[in-house]
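**Q** got a predicted model here, sequence first, then my questions.
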Amino acid sequence: MTETIGSPVAGKGKRLEELNDEMFASRALGDGFAVRPPELFAKKEVVSPVDGEVTMVFETGHALGLTTAAGHELLLHIGIDTVTLKGLPFETKVKVGDHVCRGDLLCLADWKLMRKHGCETDVIVIALNSEIEIMAQPGKLNPLDPIFTIQ
């Protein structure tokens, strides 16, 4: 079953090799796509890119795991080096075991606070253990615009 993964935020789409993080740029965890919210972006919502179940919420709120309705595993990583902020810019709205629908609120993220502390705000969506086909082109995306498909 092919699943379409949507953008969790509005912003500028980026290929992983454009990221300033070698782990993601090298695809060490898997393939995916990133979206950087605009500098003056007031909306703080990070939404679910798929229907599925929350399987992991990192204690600092900067990363979440989802299993899609078809059983594919996704990692959402909010920002680069944001783990160092010890949860300060994040207000998680879900817990492990929650079922979410595409577009449901996962967390609130304070983009301005992240930038103030020198962190990049890229929201990275990785397909763990799955091959993907990128749909989005680098450039402007709205929440839930298709970014890639999983077979």
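**A** Received it, and whenever you're ready, just let me know what you need. Residues are numbered from 1 along each chain as shown.

**Q** can you get me a residue count around Val94?
**A** Counted by other CB atoms under 10 Å, the residues lying close to Val94 total 18. The C-beta positions use only the backbone N, C-alpha and C, and glycine is treated the same way.

**Q** which pLDDT does the model give the residue nearest to it when sequence neighbours are not counted?
**A** Leaving aside its chain neighbours, Val94 sits nearest to Val54 (4.8 Å; criterion: CB to CB, 6 or more residues apart in numbering). Val54 is assigned 98 on the pLDDT scale.

**Q** same question, the one 10 residues further on
**A** With respect to pLDDT, Leu64 has a value of 98.

**Q** number of nearby residues for it?
**A** 25.

**Q** swap in Ala10?
**A** When neighbours are defined as other CB under 10 Å, Ala10 has 18 of them.

**Q** wait, what's in contact with it?
**A** Shown in contact with Ala10 (CB atoms under 8 Å, 6 or more residues apart in numbering): Val35, Pro37, Pro38, Phe41, Lys43, Leu141, Asn142, Pro143.

**Q** out of those, who's nearest Gly103?
**A** Pro143 (7.2 Å; CB to CB).

**Q** tell me where the chain has strands.
**A** With DSSP state E as the criterion, the chain has strands at 3-6, 11-14, 31-36, 45-47, 52-57, 63-68, 73-80, 90-92, 99-100, 105-109, 120-128, 132-134, 139-141, 146-150.
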